[in-house]
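**Q** coords please:
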Amino acid sequence: MKHILLLLLFFTITINAKDYNVLDYGAKADGITLDTKAVQKAIDLCTKEGGGKVIIPSGKTVLIGTIYLKDFVTLYIENGAILLGSPNYEDYTTDTYKNTYKNEPHMDRCLIFANDAKSFSIEGKGTIDANGHPENFTKAKGGRPMMMRFLNCNDIHLKDVTLINPAAWTSAWLYCNEIVVDGIKIISRVNHNGDGLDFDGCTNVRVANSSFDTSDDSICLQTSRPDKPCKDIVITNCVFTSKWAAMRIGLASRGDFESITVSNCTFHDIQDSGLKIQMNEGGKMKNMIFSNIIMKNVPRPIFMTFCQQRAGVDSPIEMLPMKAMHGFSFNNMIIDNIELDKNSVIFLTGMPEHYITDIQLNNIQMTVAGGGTQKDSDNKNIKEYTLETLDGWWPEFSKVGTLPASGIYARHIDGLYINNFQLTTISNDKRKPIVLDDVLHFNQKSTFLNKKEITSTKIIQH
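**A** Numbering: from 1, shown residues only. Take a look at the predicted model:
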C-alpha cells in the first residue's frame with residue numbers, strides 16, 4: 001500500500017509540474033530589451049504554484065539584471081538559448097549579500113541570487129553569458145558583479161549548462177548543503193578573479209564530468225565562518241586549465257575542512273598551482289585523498305602551506321591560534337612539466353613548531369625540465385611563511401623563489417611517506433631530487449630517481 005501511495009504522489013507531482021516560458025510573461029528575448037521583470041515574474045509564479053521549469057527558449061537571447069531563484073524552480077536554458085547579463089552595473093541589485101574576502105567589496109553584486117531557498121536548479125544545454133567584459137565592468141566603474149551567489153540554500157543542482165564571461169567569480173556557494181554539479185563548462189577569462197566554483201562552508205558537494213578554463217582558481221573550497229565547515233566533498237572526472245590554481249583548498253579557513261576526495265582529473269596549462277592547499281585562519285584540515293590525476297605544464301603540482309594570514313572580510317584582526325593540518329594522500333599521479341622552467345617542484349611546508357602531519361605520496365611519475373644550478377642546490381635561505389614575510393599578502397610560491405630540490409621540497413612536516421616516486425630531469429640539474437628540512441618520521445620506500453640528460457626532442461619523438 002505504501003508503494004502505491006508513493007507512486008501516486010510521484011505521478012501527481014509529474015502531472016502538476018508546469019513550464020513557465022519567459023516569453024509568456026513579457027520577455028522580448030531580443031538581447032537588447034531588459035527582461036529582468038519578465039523572468040522574475042515567471043520564477044515567482046512558478047514557486048507560488050509549487051514548482052516547475054522556467055524556460056529560456058532556444059534561439060533566444062534574454063537580457064537580465066539581478067534575478068532571484070526560489071524554492072522548487074528549475075531555471076531551464078534550452079539548447080541554443082542565451083541568458084545574458086546586462087552591461088549596466090545599475091541593473092544589479094544591492095541585496096545579494098557580499099563577497100567574503102577582504103578588500104573586495106567591488107564584487108558584492110551578482111547576476112543570479114538565492115537566499116534560504118531549497119530544491120532549485122539551473123539546467124539545460126544553453127549558455128549563461130554574464131557579459132563581464134572590462135568595457136562593461138571594472139572596479140573603477142563601480143564594480144564587477146559575480147555571476148551567481150547562493151546563500152544558506154539546500155538541495156541545489158547545476159547541470160549541463162555553459163557559463164561564460166563573468167566579470168568576477170562565476171559562482172559563490174555560501175553555507176549550502178546537498179549540491180550536485182554535473183556536466184557543466186565554465187570559461188571565465190574576460191576579466192580578473194574569474195574563479196569557477198567557490199564553495200564556502202558547504203557540505204555534501206558532488207562535482208563531476210565538467211571542464212574549467214578560468215582566470216583564477218577553477219574550484220575553491222573555503223570557510224569564512226568558524227561554525228560552517230567545508231566537508232564531504234567529491235570532485236571527479238573533470239578537466240582544468242587556469243591562469244591561477246586549478247584547485248585551492250583553504251586560504252579563507254576560519255572553519256574546518258574534512259573528508260575531501262579528488263579523482264580521475266586532468267590538469268593542463270596551469271600558470272600557478274595544480275593542488276593548492278592552504279590553512280591560514282585557525283580552522284582544522286584533515287582527511288583528503290587525491291588520486292588518478294594527470295598534470296601537464298603545472299609549475300606547482302602540489303603546493304601545501306600551513307601559516308597565519310587574515311583572508312576574510314569578517315576575520316578578526318588578531319590571528320587565531322594554529323590548530324591542525326593532517327591526513328593527506330596523493331596517489332597515482334603523472335606530472336609532465338618538461339616545457340616549464342626549473343621552478344616546477346612539489347612544495348610542502350608547515351611552520352616551525354606547527355607541522356603538517358601525515359602526508360603520503362604514492363606512485364608518482366614526474367618529468368621536469370631541470371636546469372637547477374649548484375647555487376640553487378646550496379640555497380639554505382628559504383623564507384618562512386610568517387606574518388612578517390607575507391606582509392599582509394597570501395602565502396604564494398613567489399615568496400620563496402627557486403627551491404633547492406628538483407622534485408620534492410618538504411619542510412616542517414611530521415610523518416612523510418614516499419612510495420614509488422620516479423623523477424626524470426630533461427637537462428642536468430645540480431639539485432637533489434628530494435630535500436627535507438625539519439621533517440620528522442620520514443619513510444621512503446621503492447623510490448626510483450632517474451636523472452638523465454636528454455633533449456626534449458627525443459622525449460617528444462619517444
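
**Q** pLDDT below threshold where in this protein?
**A** 1-17, 450-462 (pLDDT under 70).

**Q** rerun that using 80 as the cut-off
**A** Scanning the chain for pLDDT under 80 picks out the ranges 1-17, 319-321, 386-393, 446-462.

**Q** just the strands in the stretch 251-400 of the chain please.
**A** 257-270, 273-279, 285-296, 300-306, 325-337, 346-349, 356-370 (DSSP state E, counting those that start in this stretch).

**Q** now those strands in TSV, with distance to residue 184 and mean neighbour count?
**A** Bear in mind the C-beta positions are built from the backbone N, C-alpha and C, glycine included. Shown next, in TSV, are the strands of the stretch 251-400 of the chain (distance: least, CB to CB, whole Å; neighbours: other CB atoms under 10 Å):
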stretch	distance to residue 184	mean neighbour count
strand 257-270	15	20
strand 273-279	20	27
strand 285-296	20	20
strand 300-306	25	25
strand 325-337	25	20
strand 346-349	30	24
strand 356-370	29	21
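
**Q** can you tell me which of the ones you listed comes nearest to residue 142?
**A** Distance to residue 142, taken as CB to CB, is lowest for strand 273-279 among the strands of the stretch 251-400 of the chain, at 30.6 Å.

**Q** Which neighbouring elements make contact with that closest one?
**A** Secondary-structure packing of strand 273-279 (3 or more CB pairs under 8 Å, 6 or more residues apart in numbering; DSSP states H and E): strand 247-253, strand 257-270, strand 285-296, strand 300-306, strand 325-337.

**Q** Nearest to residue 86, out of those?
**A** Short answer: strand 247-253, nearest of those by CB to CB, at 29.0 Å.

**Q** Okay, now the sheet partners of that closest one, with direction.
**A** strand 219-223 (parallel), strand 273-279 (parallel) (DSSP bridges).

**Q** Show me the one of these that comes nearest residue 241.
**A** Once these are compared by CB to CB, strand 273-279 is nearest, at 10.9 Å.

**Q** Including distance to residue 294, could the strands paired with strand 247-253 go into JSON lines?
**A** Below are these laid out as JSON lines (distance: least, CB to CB, whole Å):
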{"stretch": "strand 219-223", "distance to residue 294": "17"}
{"stretch": "strand 273-279", "distance to residue 294": "10"}
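
**Q** As a markdown table, the helices and strands packed on strand 273-279 with distance to residue 375 would be great.
**A** Shown next, in a markdown table, are the helices and strands packed on strand 273-279 (distance: least, CB to CB, whole Å):
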| stretch | distance to residue 375 |
| --- | --- |
| strand 247-253 | 32 |
| strand 257-270 | 28 |
| strand 285-296 | 28 |
| strand 300-306 | 21 |
| strand 325-337 | 21 |
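
**Q** Those strands: which one's closest to residue 314?
**A** strand 247-253 (9.8 Å).

**Q** For stretch 201-214, buried residues please.
**A** In terms of neighbour count (16 or more other CB atoms under 10 Å), stretch 201-214 has its buried residues at 201, 202, 203, 205, 207, 208, 210, 211, 212, 213, 214.

**Q** Look up how far residue 157 lies from the fourth one.
**A** The one in question is residue 205. 12 Å (CB to CB, to the nearest Å).

**Q** list the residues that contact both of the two?
**A** Between them, residue 205 and residue 157 share these contacting residues under CB atoms under 8 Å, 6 or more residues apart in numbering: 179, 181.

**Q** Show me where the chain has its helices.
**A** 2-16, 36-48, 374-378, 387-390, 456-461 (DSSP state H).

**Q** Perfect, I'm done here.
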